[in-house]
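Asks: my questions are about this predicted structure, shown below with the sequence.
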Amino acid sequence: SPDSLSAPEIVLLVWMLAMIAEEGRQLVSAGFIDWIGDQWNRLDLAMYSMYVLAFIFRLVSLGSHNEMDLRRAKFVYGLNMVQLFVRALRLYAVSSTLGPKLLILRRMVKDMLTFIALFFVFLLSYGIMIQAINWPMSPIDSQSFKNVLFRPYFQMYGELFLDEMQEEASCSGSWPFSSCIYYGAVIPFFLAVYLVLCNIMLVNLLIAMFSKTYEAVEDEALELWHFQFFDLCNEYIGKPYLPSPFSVLKLIWRGLTLCFNKAASCWKPPPPPPPAAVQEGLEQSMDRLQRFQEKHTESYLEITRQTVRSSDSYRINTLENLTKTILLHVSDLQNQSRRLEKRNPNTEQPVKVAPDAPSHPSVNASTMQTMRDASELKRRTLSEFSRQHAISRRNPVYQPAPDRASDTPAANKRHWKDIVVPLGANGATTIRVYLGSESGRGRDGKILPPVLSVFMHELESTDLKKAVNHEGKPAVRCQVPPEKVPWAEPFEEYDPVDYTATDVLINSKDSPIETPMKWAGPIVFTPQVPIRSFFRNVLHNDLPRNPVGRTGMTGRGLLGAWGANCAQDLIITRWKTTPLGTNIERNGKPLLEFLALKRAAEKVWALPGGFAVGLGPVLTKAFGLGDAELKNLNKQIEEQATKIFEGYMDDPRNTDQAWVETCCRHLHDRNNIVSKLPLMECRTPIIEDVAWVVAHKDLKLFVEHGSLLELAVTSLNAYW
């Protein structure tokens, strides 16, 4: 009604006032800066301002009874309705299908603005040119703007206005734009150029921009929708449960509650601070949340590394770097081979590869044959031993094996046993095994079991629970209570299992089985065997004894040396920085990254190092270094690394007679000695991956490497 507010207008007024009140609550709770930073809140501000302006025009029309004032109000109401419908698009974020389309529309608007900026250049130039040809003497008025702007705009859509333009150009010939006065004949040329540029080139450019935007959003549609849905849930989580206009009841209740609390606080003393238990619970909750974040951050980084390393470009770069590394090693080996040939020209000629094959190092024929037969001989020998004779070192008192060179059938026939191992098409081989002392008894008179350099079964796993001893029983450690671990505590029931791994026995120095490398100690320990340890007096009854205490297992287990197995570990750290080089902090302390190796068997990260191999192979495979570069890097590490620990390691491989001791050094890479080197894909039977990993206390590391890493982190006052 033009004379009074109708019922729908009153309902709309109440509804909009309730929505404005709720928007004001959001503004107060979030703050103006955060509130205005959201694009939907800016649209809400424009929408409510437009409604207030329309309602003011409506009130003016009621007082003036003027139809033009009423039409003005209706027009503003129409604009406000457009804003309301656009605001309803916000609810599309609930759908994973429609939500990403909103992002596509918003990004397409940016593409459209780019198109309009280019289009107006051609539109104005063409429109002004036509205006100058047809009406050279006309003043600048509204009709001039119409000719310059609107007619070229609609011509782009196919409305060419040819008859009107021909008449305006004073062309009276039988053909279009013929017999024209002045310069009207050039109008078709400019029209054709304008249509080609705008209707073909610019429109197709806009379509290409739209296609690129659509594909870019579709590739990450699900991830973008998660952000959209989170923002929508975060917006509605603080809103009243009732919809507008009933939400005003909730606002009134909140206002009354606030006034009551203010009045009560005038005579009621302030509440006491939360007890220490509550504060501790909050701190524990924050600590759990932080550990949860660190755990999943590490998982996300691991997935990211795997995604990058599975890409074709990364594999091509890795293959190229590996090829360069191989060529460097080939060159070094060839130089060494030439030097050896000069020293001993009578040496057997090395076997060369085919001329058409790529360059590879020369290999001695006998060495090649030994390496090819080693694994097969080992497997067949163990199988034959397990079938014929199950024997192992069981007692700590043994006589050393005699020298096989002085072996005579009369003297030692019953002390050696010949085991014939079939080799299929290659025939068979005979392995001679020492069976025990001449008397068959030890120093205490007990009967000694035979000595053999292998167990019954081939054991490739490092899990001791899957191992078996010479009696075929599982090699499970006996239980040792914590208070009974020290040797000073009496423990008469202590009955440790005796176990030494297959590979350790095969590669012992006095093993009768020929292997490429004898890296383990002798089968039988004698006091003459040297023991390197940070502890003194580790011998007890002529046998090494764990200086810390009982472990529930005798023998060497998985360790190669009797007594201390000395390892060397290196911690290489660097600050974790942003792409701009700024240190990243957490809880006010900078984050550290350290160079870590992922062990293939345990699937956990470990520090670079080892017993006898050293860091050379690791650094070579991780960074693709040649011998000269590796030598230079090792020299710099030796000069700048500091020792942070040396001593006993609580390693799960420790036994009563073999244990791990380490010397750990720390190098903080302040001068980018290691950080500047690109990491390569490093896969070996032991190492699965090499990466820079963020150091924190919840990171799962191999054995006691976490304690060593904590020492390095603490020394730099970094986050842990």
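Replies: Right, received. Where do you want to start?
Asks: wait, what's in contact with Gly557?
Replies: Applying C-beta atoms under 8 Å, 6 or more residues apart in numbering, one finds that Gly557 lies in contact with 464, 499-501, 504, 653-655, 658. No exception for glycine: its C-beta is placed from N, CA and C like everyone else's.
Asks: can you count the residues close to the closest residue to it other than its chain neighbours?
Replies: With sequence-adjacent residues excluded and distances taken as C-beta to C-beta, 6 or more residues apart in numbering, Gly557 is closest to Thr655, at 4.5 Å. Neighbour count for Thr655, taken as other C-beta atoms under 10 Å: 26.
Asks: quick one: end-to-end length of stretch 713-720, please.
Replies: 7 Å (C-alpha to C-alpha, to the nearest Å).
Asks: flag every buried residue along that stretch.
Replies: Across stretch 713-720, burial judged by 16 or more other C-beta atoms under 10 Å covers 713, 716, 718-720.
Asks: ditto for stretch 106-118
Replies: Per 16+ other C-beta under 10 Å, stretch 106-118 contains these buried residues: 107-108, 111, 115.
Asks: what about the longest helix belonging to the chain, average pLDDT?
Replies: For the chain, the longest helix by residue count, based on DSSP state H, is helix 99-134. Across helix 99-134, pLDDT averages out at 88.
Asks: and the contacts of whatever helix or strand comes next after it?
Replies: Beyond helix 99-134 on the C-terminal side, the first helix or strand identified by DSSP states H and E is helix 142-145. Helix 142-145 has contacts (C-beta under 8 Å, 6+ apart) with 131, 135, 138.
Asks: quick one on the thing from earlier: got the buried residues of stretch 106-118 as a markdown table, with distance to Val121 columns?
Replies: As requested, those are arranged in a markdown table below (distance: C-beta to C-beta, whole Å):
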| residue | distance to Val121 |
| --- | --- |
| Arg107 | 23 |
| Met108 | 21 |
| Asp111 | 17 |
| Phe115 | 11 |
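Asks: if you tally nearby residues, what's the number for the spatially closest residue to Tyr499 that is not a sequence neighbour?
Replies: On the basis of C-beta to C-beta, 6+ apart, the spatially nearest residue to Tyr499 that is not a chain neighbour turns out to be Ala475, at 3.8 Å. Residues near Ala475, counting by other C-beta under 10 Å, number 22.
Asks: Trp659 versus Ala475, what's the distance?
Replies: Ala475 sits 17 Å away from Trp659 when distances are taken as C-beta to C-beta, to the nearest Å.
Asks: quick one: secondary structure of Met209?
Replies: Following DSSP: H, G, I helix; E, B strand; the rest coil, Met209 is assigned to helix.
Asks: what's the neighbour count on it?
Replies: As a burial measure, the neighbour count of Met209 was computed by other C-beta under 10 Å and equals 17.
Asks: by neighbours, which of the contacts of helix 142-145 wins?
Replies: Gln131 (20 neighbours).
Asks: partner strands of the strand ranked longest in the chain, with direction?
Replies: The strand that spans the most residues within the chain, counting by DSSP state E, is strand 563-575. For strand 563-575, the paired strands and their directions (DSSP bridges) are strand 592-599 (antiparallel), strand 609-610 (antiparallel), strand 658-668 (parallel).
Asks: can you show me the CA trace of it as CSV?
Replies: Presented in CSV, the C-alpha positions along strand 563-575 are these (Å, rounded to 0.1, in the frame of the first residue of the first chain):
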residue,chain,number,x,y,z
GLY,A,563,82.7,-57.3,24.8
ALA,A,564,82.2,-53.7,23.6
ASN,A,565,81.0,-53.2,20.0
CYS,A,566,82.2,-49.6,19.5
ALA,A,567,80.0,-47.5,17.3
GLN,A,568,80.4,-43.9,16.0
ASP,A,569,77.3,-41.8,15.6
LEU,A,570,77.1,-38.3,14.1
ILE,A,571,74.3,-35.8,14.6
ILE,A,572,74.2,-33.1,11.9
THR,A,573,71.7,-30.4,12.6
ARG,A,574,70.5,-27.1,11.0
TRP,A,575,67.9,-24.5,11.8
